[in-house]
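A.B. asks: Sequence plus the predicted model coming up.
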Amino acid sequence: MQVIIILSLFFITKSVLLKPIETDKDALAYLTQLGYTQKKCNSTSKLLCSLRPLSSIREYQKAFGLKETGQFDKTTKELLNKPRCGNRDTPHASILSNLASTSSKWEKKHLKWALHRRSSRISEEKTIQIIQEAFEAWTKHIPLSIERVCTNCQADFVFDFAHGDHGDGSPFDGSGHILAHAYFPEDGRVHFDADEEWTERFDGNDINLFLVAVHEIGHALGLYHNTHDKNSIMYPDYQFMDQHRILPDTDRQSIIDIYGSREIQKSLDPYNKLTAILSNKATHKVLDSNSEKHVYTLDHNGSKYQKWMFTQQDDGTYVLQNVATSFMLDSNNEHMYTHVPNGGPHQKWKFHRQNDGSYMLENIATSRVLDSNGAGNAYPHDSNGGDYQKWFLEATGVDPYNGMVAFLRNKATYKVLDSNAEKHVYTLDHNGSKYQKWIFTQQDDDTYALQNVATSFMLDSNNQHTYTHVPNCGPHQKWKFHRQNDGSYVLENIATSRVLDSNGTGNAYPHDSNGGDYQKWFLQAIQD
């Protein structure tokens, strides 16, 4: 049986007058619906039981930060009568245990959505725009990309406006109560009650579709309610708020805690803004171009026509701009060429790293890869794993990491690797100090030494401790960087074969590799 989230708002509108919650009996029935369980009175005295504080009310008061009287007092009554979401919001309610077991996150980075039916009150074009903007309120902070597809196309999220019983076991009740419900990952159904007075306007009247859509998408991405912050879009009560307030800090951090930060993975990626040549593995020729927009391979000659600037896009792909012409590497099913920048999918490329360190470049629009042959041609082709489809990135000048100054931000804690004059190494919240900045220097054996900017000591390690020490060029000061699928890195010490680990209390230490997030670090390059 699927578990869903139901957004149930109790509005007084011109057409519907809802019965308020006035009595203890009303409150207990409603709180039971919301997941707050009333404990049984064991006394044989009806009088004592009637005077006993109501445990479900006390739980509700605790959840919302009210004075825990256990009585249906004025403050509790006012809050309970506000429009709100019908999902059970007590973290210890049994229903939430089930929710927790079904909720996770989307494992895919590129997700598709479709609109099945719309509200009669808002045009299809506007509805699509609103849902897309509601998605972007979340995805601009996390490394997920969202694409709308046709109504009948295969989609991860399906949005539908339905009346009454619409076949999922959770019927809508007409205008004024249940507004919408959404399924947790990786189901993706999001349903809105078509009988509601939906509006696109931000004037405080009727029910704003954008606000409800942002809330529902938050659930569909894996978030629960936040009963502690009234400014949160995930607060159980429906609250009108200005569009510019979306998303509050608490919601941004909540979604980043699940998916990681887009900014850390994008602007801090060492390939972003990299200028490089692409050398074919089979022919050793270099990808070249000319002012007539032709693309081919030639022997390396150092010209600007053989240099390409890599720029990461919001969806994690890259565009390749020729340094000489400023045209973008473009493709269709038959030909490879360059073209003026247009932001289209034919100019976007995925880089698939191979075991030998080379890359296969896949075009997003065609799903074909950049291929070549001995005659100097460059063209799109279905992937076959051959060496003619593999390209080595050779940064012009120096290695992209060599000489880089960066923070190391832990994936699990978001704290930054720090040090002090006493050679201790630990993690702290980012504060911008030189003690949190490290210079990366490539060694002859392709490892890296990390030098602290403030102390000039090198990151060093033995089997038990990580620390800094005066430079000595020894293996304990050399590190291998192992790139992970999420863009983070695992730092392996050459001497010990142990990796740089951390924990929630700010320690940094060596440990055997286990693949956990505490052993993953994002490189946050310093642009100044």
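C.D. replies: Thanks, I have the structure now. Numbering: from 1, shown residues only.

A.B. asks: Can you give me the end-to-end span of stretch 346-358?
C.D. replies: This stretch, stretch 346-358, spans 22 Å end to end (Cα to Cα, to the nearest Å).

A.B. asks: Point me to the helix or strand that includes residue 126.
C.D. replies: Taking DSSP states H and E as the definition, one finds residue 126 inside helix 124-139.

A.B. asks: For the helix or strand following that helix, give me every contacting residue.
C.D. replies: Where DSSP H and E defines the elements, the next helix or strand beyond helix 124-139 is strand 145-148. Residues from elsewhere that reach strand 145-148, judged by Cβ atoms under 8 Å, 6 or more residues apart in numbering: 109-115, 128, 131-132, 135-136, 139, 314-316. Quick note: C-beta positions are derived from backbone N, CA and C, even for glycine.

A.B. asks: Please apply the same query to stretch 304-312.
C.D. replies: Residues contacting stretch 304-312 (Cβ under 8 Å, 6+ apart): 266-267, 269, 271-278, 286-290, 298, 300, 318-325, 329, 396.

A.B. asks: what is the rounded mean pLDDT of that stretch?
C.D. replies: Per-residue pLDDT values across stretch 304-312 average out to 89.

A.B. asks: Go through that stretch and flag the buried ones.
C.D. replies: 305, 306, 307, 308, 309, 310, 312 (16 or more other Cβ atoms under 10 Å).

A.B. asks: quick one: the second one from residue 64, how far?
C.D. replies: Using Cβ to Cβ, to the nearest Å, one obtains 64 Å as the distance from residue 306 to residue 64.

A.B. asks: What's the end-to-end length of stretch 447-456?
C.D. replies: End-to-end distance (Cα to Cα), stretch 447-456: 18 Å.

A.B. asks: What's the mean pLDDT across it?
C.D. replies: 92.

A.B. asks: And for it, what's in contact with it?
C.D. replies: So stretch 447-456 is contacted by 401, 405, 419-421, 423, 433-435, 437-443, 457-459, 468, 471, 473, 477-481, 494 (Cβ under 8 Å, 6+ apart).

A.B. asks: re earlier: now list the buried members of the contacts of stretch 304-312.
C.D. replies: Members of these classed as buried by 16+ other Cβ under 10 Å are 266, 269, 271-272, 274, 276-278, 286-289, 318-325, 329, 396.

A.B. asks: Return the subset of those residues lying in strands.
C.D. replies: Among the buried ones among the contacts of stretch 304-312, DSSP state E puts 276-278, 286-289, 318-322, 329 in strands.

A.B. asks: distance of the closest residue to residue 34 other than its chain neighbours from residue 481?
C.D. replies: Using Cβ to Cβ, 6 or more residues apart in numbering and skipping residues adjacent in sequence, the residue nearest residue 34 is residue 88, 5.4 Å away. Computed as Cβ to Cβ, the residue 88 to residue 481 distance reads 45 Å.

A.B. asks: and if you look at residue 28?
C.D. replies: Distance from residue 28 to residue 481, by Cβ to Cβ: 59 Å.

A.B. asks: In the stretch 301-450 of the chain, mark out all the helices, start to finish.
C.D. replies: Using DSSP state H, counting those that start in this stretch, the stretch 301-450 of the chain contains no helices.

A.B. asks: Run through it and note the low-pLDDT ranges.
C.D. replies: Low-confidence segments of the stretch 301-450 of the chain (pLDDT under 70): 395-402.

A.B. asks: Tell me which stretches of it form strands.
C.D. replies: 308-312, 318-322, 328-331, 336-339, 349-353, 359-363, 369-372, 378-381, 391-395, 405-410, 416-419, 425-428, 438-442, 448-452 (DSSP state E, counting those that start in this stretch).

A.B. asks: Any idea which of those strands gets closest to residue 245?
C.D. replies: Each of the strands of the stretch 301-450 of the chain was scored for nearness to residue 245 using Cβ to Cβ, and the closest is strand 405-410 (27.0 Å).

A.B. asks: Just want the angle from that closest one to strand 438-442.
C.D. replies: Here strand 405-410 runs at an angle of 110 degrees relative to strand 438-442 (axes from the mean of the first three to the mean of the last three Cα atoms, to 10 degrees).

A.B. asks: just checking, what packs against strand 405-410?
C.D. replies: strand 416-419, strand 438-442, strand 521-525 (3 or more Cβ pairs under 8 Å, 6 or more residues apart in numbering; DSSP states H and E).

A.B. asks: Compute the inter-axis angle for the last one and strand 438-442.
C.D. replies: For strand 521-525 and strand 438-442, the angle between their directions (the same axes, to 10 degrees) works out to 100 degrees.

A.B. asks: mind saving the C-alpha coords of strand 521-525 as PDB?
C.D. replies: What follows is strand 521-525, C-alpha atoms only, in PDB (Å, rounded to 0.1, in the frame of the first residue of the first chain):
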ATOM      1  CA  TRP A 521      35.400  16.000   0.100                       C
ATOM      2  CA  PHE A 522      34.400  18.700  -2.400                       C
ATOM      3  CA  LEU A 523      37.200  20.900  -3.700                       C
ATOM      4  CA  GLN A 524      36.000  24.500  -3.400                       C
ATOM      5  CA  ALA A 525      38.400  26.500  -5.600                       C
END
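
A.B. asks: what distance separates that strand from the middle of the whole chain?
C.D. replies: 16 Å (Cα atoms, centre = their mean, to the nearest Å).

A.B. asks: same check, this time on stretch 489-503
C.D. replies: For stretch 489-503, the distance to the chain centre is 26 Å (Cα atoms, centre = their mean).

A.B. asks: Go through the helices and strands packed on strand 405-410 and name the closest to residue 350.
C.D. replies: strand 521-525 (20.0 Å).

A.B. asks: mind putting the strands of the stretch 301-450 of the chain in TSV, distance to residue 228 included?
C.D. replies: Listed next are the strands of the stretch 301-450 of the chain as TSV, based on distance: least, Cβ to Cβ, whole Å:
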stretch	distance to residue 228
strand 308-312	36
strand 318-322	40
strand 328-331	47
strand 336-339	51
strand 349-353	40
strand 359-363	44
strand 369-372	49
strand 378-381	53
strand 391-395	47
strand 405-410	25
strand 416-419	27
strand 425-428	26
strand 438-442	37
strand 448-452	39
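
A.B. asks: same question for stretch 519-528, mean pLDDT?
C.D. replies: The average pLDDT within stretch 519-528 is 74.

A.B. asks: Go through the helix or strand that contains residue 468 and flag the buried ones.
C.D. replies: If you go by DSSP H and E, residue 468 is part of strand 466-469. Residues of strand 466-469 classed as buried: 466, 467, 468 (neighbour count, 16+ other Cβ under 10 Å).

A.B. asks: and the residues you listed as JSON lines, adding distance to residue 186 and pLDDT?
C.D. replies: As requested, those are exported to JSON lines (distance: Cβ to Cβ, whole Å; pLDDT from 0 to 100):
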{"residue": "466", "distance to residue 186": "38", "pLDDT": "97"}
{"residue": "467", "distance to residue 186": "43", "pLDDT": "97"}
{"residue": "468", "distance to residue 186": "44", "pLDDT": "96"}
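
A.B. asks: could I get these as a markdown table with distance to residue 500?
C.D. replies: Listed next are the buried residues of strand 466-469 as a markdown table, based on distance: Cβ to Cβ, whole Å:
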| residue | distance to residue 500 |
| --- | --- |
| 466 | 6 |
| 467 | 12 |
| 468 | 13 |
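
A.B. asks: ok, residue 58 to residue 25 distance?
C.D. replies: As judged by Cβ to Cβ, residue 58 and residue 25 stand 17 Å apart.

A.B. asks: Those two: who's more crowded?
C.D. replies: With other Cβ atoms under 10 Å as the criterion, residue 58 and residue 25 differ in neighbour count, and residue 58 comes out ahead with 19 against 10.
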